[in-house]
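A.B. asks: Fold the following, please.
(chains A, B, C and D)
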Protein chains: 2
Amino acid sequence: MSSRTAPGPRERLLDAAQKLTYSHGVGVGVDTLLKAANVARRSLYEHFDGKDGLIAEVLRRSTAEDEARYEETMRAAGDDPRERLLAIFDKLGEIIAEPDFRGCRYLAADLALADPDHPGHAVTRDYRKRVHRLIEHELVALGHRKPARAAEQLLLLIDGTLAAGATRPGTDPAASARELAEHILDAAG
Amino acid sequence: MSSRTAPGPRERLLDAAQKLTYSHGVGVGVDTLLKAANVARRSLYEHFDGKDGLIAEVLRRSTAEDEARYEETMRAAGDDPRERLLAIFDKLGEIIAEPDFRGCRYLAADLALADPDHPGHAVTRDYRKRVHRLIEHELVALGHRKPARAAEQLLLLIDGTLAAGATRPGTDPAASARELAEHILDAAG
DNA sequence: AAAGAGATAGAACGTTCGGTCTACCCGGAC
DNA sequence: GTCCGGGTAGACCGAACGTTCTATCTCTTT
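C.D. replies: Numbering: from 1, shown residues only, chains lettered A, B, ... in the order given. The predicted structure follows:
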């Protein structure tokens, strides 16, 4: 009951799957996941009703964490919407610099899950909508003349930063994107 | 000997693999590829020494085609480097609009091939270098003050356009990117 | 002490994976 | 005609896949 309890099989499995589906892709075998989590085979099917359910739940958890990270990043940047939005790109720079960065988890999942009916797709779609809302809200607060268009452009910069961060070592895509983002925000009117 | 000869097993297999590794990801099974190409199992190993070799060759072929498409797009845009570069984003708009567009093949491959030693990675790395060179060359011809930085930014816009095109239906990332690209080029000095 | 829920270990299922192998077939060169 | 290289067809291999199953163990609750 206390918050200091050792994590149960469900949590261990989620933790391991979150780590491994990122580093090795959603194609990792269930044996690998079970072994890494030290969890019985059966628990996977009790808690998540199979691998697809586990993947969907991992994505749900990740999106919640990442959305919270967006909010925390903006919160730490103060009250000015402009600073709050630019802080996102500084944060992206940190994320990309992490040694085990492997690109955007959600894009990778969408590209890897060939079945368009896989429950994971709905999760990533929702996540993108929430981030979109988050950013558009700031643009409205900033008084931007075209918040919808500007939001699309900022999201494109984020996508591009994560893609370039994964595939163009030695470059600093976050800095490049930030510069372009400044221009978008300066056109606020 | 004539150019009108029916394509041999090697070509059929490459054609099928090029199509299927894009629509279904590089995780497609060998059986699926052989069936689609109407090719004997053995021919795969004779010509490509296994699935990995086939994938690498498919990527090589695709990069050659895509690089040629960049050059053709710029050639068709005339002599002005600015127009030639902006034409890329118009072309991207067309590509994204195609009904079977599924994102950037090379990013998908890099994300899906967990093994960093897979021969496919070298191919995509080379391709990105060549496109980088192509774009930087135009920026130099344009007389841009910071061709290296501007090239990185344009590449980031391309990556972002392809990513957003695959994951944000209903938006027009190519148009968003083009607008930002114009700003980059206007800062040419 | 007894019971029951939840976890564990692990065998086993059928399928698919990538890869190897044998056997046959066909067309052009000798 | 004979040979032979390149192709096809398909059986087969061990391994891994996701899934289901039984059996045992270990807590917590009563």
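A.B. asks: need the contact list for A:I96.
C.D. replies: Residues in contact with A:I96 (Cβ atoms under 8 Å, 6 or more residues apart in numbering or on different chains) are A:T161, A:L162, A:G165, A:A166, A:P173, A:A174. C-beta here means a position set from N, CA and C on the backbone, and glycine is covered the same way.
A.B. asks: in stretch A:73-91, what counts as buried?
C.D. replies: Buried residues in stretch A:73-91, defined by neighbour count with 16 or more other Cβ atoms under 10 Å in any protein chain shown: A:T73, A:M74, A:A77, A:P81, A:R82, A:R84, A:L85, A:L86, A:A87, A:I88, A:F89, A:K91.
A.B. asks: Would you agree the second one is in contact with A:A87?
C.D. replies: Same thing as A:M74. Yes. If you go by Cβ atoms under 8 Å, A:M74 and A:A87 touch, sitting 6.1 Å apart.
A.B. asks: DNA strand C contacts on chain A?
C.D. replies: A:G8, A:P9, A:R10, A:R12, A:N38, A:V39, A:A40, A:R41, A:R42, A:S43, A:E46, A:H47 (Cβ under 7 Å from any atom of the strand).
A.B. asks: Mark which of these are part of helices, please.
C.D. replies: Among these, the ones falling in helices (DSSP state H) are A:P9, A:R10, A:R12, A:R41, A:R42, A:S43, A:E46, A:H47.
A.B. asks: Pick out whichever of these sits closest to B:Y106.
C.D. replies: Nearest to B:Y106 among these, counting by Cβ to Cβ, is A:R12 at 35.4 Å.
A.B. asks: Give me the pLDDT value at the closest one.
C.D. replies: pLDDT for A:R12: 96.
A.B. asks: Report the contact partners of it.
C.D. replies: A:R12 makes contacts with A:A37, A:N38, A:V39, as judged by Cβ under 8 Å, 6+ apart.
A.B. asks: how close does it get to A:A36?
C.D. replies: From A:R12 across to A:A36, the span is 9 Å (Cβ to Cβ, to the nearest Å).
A.B. asks: Check A:V131 too.
C.D. replies: Between A:V131 and A:A36 the computed distance is 29 Å (Cβ to Cβ).
A.B. asks: Show me which of the two is the more surrounded one.
C.D. replies: A direct count of neighbours by other Cβ atoms under 10 Å in any protein chain shown for A:V131 and A:A36 places A:V131 higher, at 20 against 16.
A.B. asks: Secondary structure element for the more buried one, which one?
C.D. replies: helix A:119-142 (DSSP states H and E).
A.B. asks: ok, and for that helix, which residues are buried?
C.D. replies: Within helix A:119-142, the residues that count as buried by 16+ other Cβ under 10 Å are A:120-121, A:123-124, A:127-128, A:131-132, A:134-136, A:138-139, A:142.
A.B. asks: quick one on the thing from earlier: filter the contacts of A:R12 down to the buried ones.
C.D. replies: Counted by 16+ other Cβ under 10 Å, the contacts of A:R12 give A:A37, A:V39 as buried.
A.B. asks: Can you add pLDDT and give the contacts of A:R12 back as TSV?
C.D. replies: Below are the contacts of A:R12 laid out as TSV (pLDDT from 0 to 100):
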residue	pLDDT
A:A37	96
A:N38	95
A:V39	96
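A.B. asks: Including distance to chain B, could the contacts of A:R12 go into TSV?
C.D. replies: Formatted as TSV, these follow (distance: Cβ to the nearest Cβ, whole Å):
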residue	distance to chain B
A:A37	19
A:N38	22
A:V39	22
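A.B. asks: I'd like the contacts of A:R12 written out as TSV, with distance to A:A148 added.
C.D. replies: Shown next, in TSV, are those (distance: Cβ to Cβ, whole Å):
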residue	distance to A:A148
A:A37	43
A:N38	48
A:V39	45
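A.B. asks: Quick check: of the contacts of A:R12, which lies closest to B:A16?
C.D. replies: B:A16 lies nearest to A:A37 out of the contacts of A:R12, by Cβ to Cβ, at 38.4 Å.
A.B. asks: which residues does the closest one contact?
C.D. replies: A:A37 makes contact with A:P9, A:R12, A:L13, A:D15, A:A16, A:A17, according to Cβ under 8 Å, 6+ apart.
A.B. asks: Got a PyMOL select line for the buried ones in the residues you listed?
C.D. replies: The PyMOL selection below is limited to those of the contacts of A:A37 classed as buried (16+ other Cβ under 10 Å):
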select buried, chain A and resi 9+12+13+16+17
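A.B. asks: now, which of the contacts of A:A37 sits nearest chain B?
C.D. replies: Lowest distance from chain B to the contacts of A:A37 (Cβ to the nearest Cβ) belongs to A:A17, with 15.1 Å.
A.B. asks: what does stretch A:168-187 rub up against?
C.D. replies: The contact list for stretch A:168-187, computed with Cβ under 8 Å, 6+ apart, reads A:82, A:85-86, A:89-90, A:92-93, A:96, A:142, A:144-145, A:150, A:153-154, A:157-158, A:160-161, A:164-165, B:128, B:149, B:152-153, B:155-157, B:180, B:183-184.
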